[in-house]
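Novice: Could you look at this predicted model? Sequence included:
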Amino acid sequence: MTSTFDRVIDAIGAAVVSGAFPRGSRRSTDELVAWTGASRSIVREAVRVLVSLGLLHAGRRVGITVLGVTEWDVLDPRVVRWRLQGPDRERASAELRELRAAVEPLAAAAAARRAPLEACATGREALLTTADELAAAASEDRRLDFTIADVRFHALVLELSGNVLYRRLHRVVGEALRERGSIRPDRHDVGLHRTLARAVATGDADGAADAMREIVRRTEHGPDADLG
């Protein structure tokens, strides 16, 4: 259940990102209290969070000022989600795809180089199991289960890479995957995930990178594309 605090953050954050609160415009705490219907204490705490994300600037004499995209923490999962839900969705999707194309194949290759190590046995088995769960969910068109498994699969690859910077991107990648959750799972994509899991498990770095590269490339297609 979403708390009032989370609802207020989402409402104000989405309004900034969508342009409903234009860049450079100003709001007072009282205005935001009336707009959200929340208490002053909740609004103030929400504003503090949004200031930390670069969406707002708060000053005693100038009030609360809306900042532009160059100031936003665009790698924060909440900002990612607001952008994907707003009018900037296509641009945000393209930028996420470019980020994933730059990072995930390298992470997959690194995971393949590390996975055969005994210390990575648990992660290696989890990746193979999750690939099977993906396939089972896809065969029955259980889209929510597929998305949950897909998010976990990509997080495991980033984790297995051993690179702490790659690991930090798992929530950003997760938002990108959830945004596509309404799309019917595709047989070829399922096969690519299984190929990737096997490549990682057997230490095939080139094969893992190639499979991940193809997985990301195929996200360029919309839900109506025939990719089977």
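Specialist: Right, received. Where do you want to start?
Novice: measure the most centrally placed residue in the chain to Gly181 for me?
Specialist: Per CA atoms, centre = their mean, the C-alpha nearest to the average position across the chain is that of Glu175, at 2.4 Å. If you measure Glu175 against Gly181 using CB to CB, to the nearest Å, the figure is 11 Å. Any C-beta I mention is one placed from the backbone N, CA and C, and that applies to glycine too.
Novice: Was I right to think the residue nearest to the centre of the chain contacts Trp82?
Specialist: No. Under the contact definition of CB atoms under 8 Å, Glu175 does not touch Trp82, with a separation of 9.8 Å.
Novice: Run through who's touching stretch 5-25.
Specialist: The contact list for stretch 5-25 (CB atoms under 8 Å, 6 or more residues apart in numbering) reads 2, 27, 32, 35-36, 38, 42-43, 45-47, 49-50, 53, 55-56, 65-68, 72, 78-79, 82-83, 85-88.
Novice: Helices - which of the residues you listed land there?
Specialist: Judged by DSSP state H, helices contain the following of the contacts of stretch 5-25: 32, 35-36, 42-43, 45-47, 49-50, 78-79, 82-83, 85.
Novice: So what does Ile183 look like in phi/psi?
Specialist: Backbone torsions of Ile183, given as degrees, to the nearest 10, read phi -80, psi 140.
Novice: Need the pLDDT of it.
Specialist: Reported pLDDT at Ile183 in the predicted model: 87.
Novice: Neighbours of it, how many?
Specialist: Neighbours of Ile183 under the rule other CB atoms under 10 Å: 18.
Novice: okay, which residue of the protein is out on the far edge from center?
Specialist: Each residue of the chain has a distance to the centre, and by CA atoms, centre = their mean the biggest one is for Arg61: 36.4 Å.
Novice: Then it would be within a helix, right?
Specialist: No. According to DSSP: H, G, I helix; E, B strand; the rest coil, Arg61 belongs to no helix; its state is coil.
Novice: measure it to Glu214 for me?
Specialist: In terms of CB to CB, Arg61 sits 54 Å off from Glu214.
Novice: what do you get for Ser182?
Specialist: 22 Å.
Novice: likewise His193?
Specialist: To Glu214, His193 is 10 Å away according to CB to CB.
Novice: Dump stretch 133-145 to CSV, restricted to CA.
Specialist: The C-alpha coordinates for stretch 133-145 follow below in CSV (Å, rounded to 0.1, in the frame of the first residue of the first chain):
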residue,chain,number,x,y,z
GLU,A,133,11.3,-19.3,-14.7
LEU,A,134,11.3,-16.7,-17.5
ALA,A,135,10.6,-19.5,-20.0
ALA,A,136,7.8,-21.0,-17.9
ALA,A,137,6.1,-17.6,-17.5
ALA,A,138,6.4,-16.8,-21.2
SER,A,139,4.9,-20.1,-22.2
GLU,A,140,1.7,-19.3,-20.2
ASP,A,141,1.7,-15.6,-21.0
ARG,A,142,2.0,-14.7,-17.3
ARG,A,143,3.4,-11.2,-18.0
LEU,A,144,3.7,-10.1,-14.4
ASP,A,145,5.7,-13.2,-13.4
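Novice: Other residues contacting that stretch?
Specialist: Contacts for stretch 133-145 (CB under 8 Å, 6+ apart): 146, 149-150, 153, 181-187, 189-190, 193-194.
Novice: Weed out the non-buried ones from the residues you listed.
Specialist: Among those, those scoring as buried are 146, 149-150, 153, 183, 185-186, 189-190, 193-194 (criterion: 16 or more other CB atoms under 10 Å).
Novice: Compile those into JSON lines and extend it with columns for distance to Pro116.
Specialist: As requested, the buried ones among the contacts of stretch 133-145 are exported to JSON lines (distance: CB to CB, whole Å):
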{"residue": "Phe146", "distance to Pro116": "28"}
{"residue": "Ala149", "distance to Pro116": "23"}
{"residue": "Asp150", "distance to Pro116": "24"}
{"residue": "Phe153", "distance to Pro116": "19"}
{"residue": "Ile183", "distance to Pro116": "33"}
{"residue": "Pro185", "distance to Pro116": "29"}
{"residue": "Asp186", "distance to Pro116": "29"}
{"residue": "Asp189", "distance to Pro116": "26"}
{"residue": "Val190", "distance to Pro116": "24"}
{"residue": "His193", "distance to Pro116": "19"}
{"residue": "Arg194", "distance to Pro116": "18"}
